[in-house]
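> Next one to model:
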Amino acid sequence: MWYGSHPYGVWPWAQDALGDGTPIVMRGEIDIEQIAAMKPDLIVGQWSGMTEKDYALLSQIAPTIATQEAWGDYGAPWAEMHRVLGLATGRQSIAEAQIARIQGRFADIRAAHPDWQGATSVVVWSGSTGAYSSRDIRGQFMAELGFQEPPALKDIGLFDSFYKLIPEEVTEPIDADALIWIDAGKNVARLNSLPLRHTMRAYQEGREIYLGVDVTAALSHASPLSIDYTLDALVPLLEAAMDGDPATVVSSSQQAGILPEVQP
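Model prediction:
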């Protein structure tokens with residue numbers, strides 16, 4: 001993962017898979033020389049800002065899997081990335097079985113929650129009030145649960161942008177049936193000070209969900225290893241937010257201290 005203090009950049013959902021491995025962690029921009037020094041057999045950058053120049057140089061070091069133009073730098077669906085990786089490593093049948101299992105879990109959740117189908121949801125970064133669109137893996141994750149992007153969000157910024165900054169004086173693009181605030185552990189105070197947050201239906205009806213550091217990271221990674229972790233944590237929170245009763249407490253929001261006072 002690109003942030004956090006976990007050893008080797010490996011978060012809780014991947015600890016068992018790590019075993020006794022000791023991977024080298026690189027942070028920041030792509031460092032061609034450092035990558036070359038590691039003498040890799042395969043270079044994978046399906047969810048990255050790899051440029052054509054980067055690809056040309058990396059391909060001289062080892063076979064390189066770059067982002068696909070159809071998806072953009074950060075829009076490749078998790079299943080497609082896993083499928084390509086399975087093919088590249090000679091583990092295609094294993095990858096397909098893993099994809100089928102996870103997609104089956106999404107299907108079961110959709111079937112158990114018909115009221116979510118066609119409802120709106122949006123994932124918003126609480127540090128800058130930026131929303132992740134349907135071009136991003138976070139928006140795609142919510143779509144796999146049956147949610148759709150708020151129509152007003154599509155009119156903000158570039159149509160194909162994966163991340164859209166929302167002015168503080170504009171609320172409609174993020175006032176969804178389920179508003180999910182993600183955080184890296186330092187933005188609760190800013191969230192509570194947003195001037196127009198109290199005017200939103202999501203606030204007034206108890207439809208806000210706050211995700212702390214670990215679940216934010218799991219949702220943002222959207223890997224086969226992190227998806228189960230995300231679903232285990234997020235589905236109960238969505239059930240509380242979407243039950244139609246403003247008095248129902250969304251536990252993560254309560255623990256973070258962002259719950260509004262319910263009006264009698």
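
> Could you report the neighbour count for residue 210?
Residue 210: 26 surrounding residues under other Cβ atoms under 10 Å. Any C-beta I mention is one placed from the backbone N, CA and C, and that applies to glycine too.

> Doesn't it belong to a helix?
No. Using DSSP: H, G, I helix; E, B strand; the rest coil, the assignment for residue 210 is strand, not a helix.

> which sections of the stretch 51-200 of the chain are below the confidence cut-off?
Along the stretch 51-200 of the chain, segments meeting pLDDT under 70 span 157-160.

> The lengthiest helix in the chain: what's the following helix or strand?
The residue-count maximum for a helix in the chain (DSSP state H) belongs to helix 92-112. Downstream of helix 92-112, the next assigned helix or strand under DSSP states H and E is strand 121-125.

> strand partners of that following strand, parallel vs antiparallel please.
strand 130-132 (antiparallel), strand 178-182 (parallel) (DSSP bridges).

> next SSE after the shortest one?
Past strand 130-132, heading to the C-terminal end, the next element that is a helix or strand (DSSP H and E) is helix 137-144.

> Return the distance of that next one from the chain's centre.
Mean-position distance between helix 137-144 and its chain equals 7 Å (Cα atoms, centre = their mean, to the nearest Å).

> now swap in stretch 104-121 and tell me
17 Å.

> contacting residues around it?
142, 144-151, 176-180, 228, 231, 235, 238-239, 242 (Cβ atoms under 8 Å, 6 or more residues apart in numbering).

> from the residues you listed, which would you call buried?
Buried subset of these (neighbour count, 16 or more other Cβ atoms under 10 Å): 142, 144-150, 176-180, 231, 235, 238, 242.

> quick revisit: please point out which parts of the longest helix of the chain sit buried.
Across helix 92-112, burial judged by 16+ other Cβ under 10 Å covers 95, 98, 99, 102, 106, 109.

> quick check: angle from it to helix 137-144?
Helix 92-112 runs at 60 degrees relative to helix 137-144, counting by axes from the mean of the first three to the mean of the last three Cα atoms, to 10 degrees.

> Dump helix 92-112 to PDB, keeping only the CA atoms.
This file holds the C-alpha atoms of helix 92-112, laid out as PDB (Å, rounded to 0.1, in the frame of the first residue of the first chain):
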ATOM      1  CA  GLN A  92      -5.000 -18.100 -14.700                       C
ATOM      2  CA  SER A  93      -7.200 -20.900 -13.300                       C
ATOM      3  CA  ILE A  94      -6.500 -19.900  -9.700                       C
ATOM      4  CA  ALA A  95      -7.200 -16.200 -10.600                       C
ATOM      5  CA  GLU A  96     -10.500 -17.100 -12.200                       C
ATOM      6  CA  ALA A  97     -11.600 -19.100  -9.300                       C
ATOM      7  CA  GLN A  98     -10.800 -16.200  -6.900                       C
ATOM      8  CA  ILE A  99     -12.600 -13.800  -9.100                       C
ATOM      9  CA  ALA A 100     -15.700 -16.000  -9.300                       C
ATOM     10  CA  ARG A 101     -15.800 -16.400  -5.500                       C
ATOM     11  CA  ILE A 102     -15.600 -12.700  -4.800                       C
ATOM     12  CA  GLN A 103     -18.100 -11.800  -7.500                       C
ATOM     13  CA  GLY A 104     -20.400 -14.500  -6.000                       C
ATOM     14  CA  ARG A 105     -20.200 -12.700  -2.700                       C
ATOM     15  CA  PHE A 106     -21.100  -9.400  -4.300                       C
ATOM     16  CA  ALA A 107     -24.100 -11.100  -6.000                       C
ATOM     17  CA  ASP A 108     -25.300 -12.600  -2.700                       C
ATOM     18  CA  ILE A 109     -25.100  -9.100  -1.000                       C
ATOM     19  CA  ARG A 110     -27.000  -7.500  -3.900                       C
ATOM     20  CA  ALA A 111     -29.700 -10.200  -3.600                       C
ATOM     21  CA  ALA A 112     -30.000  -9.700   0.100                       C
END
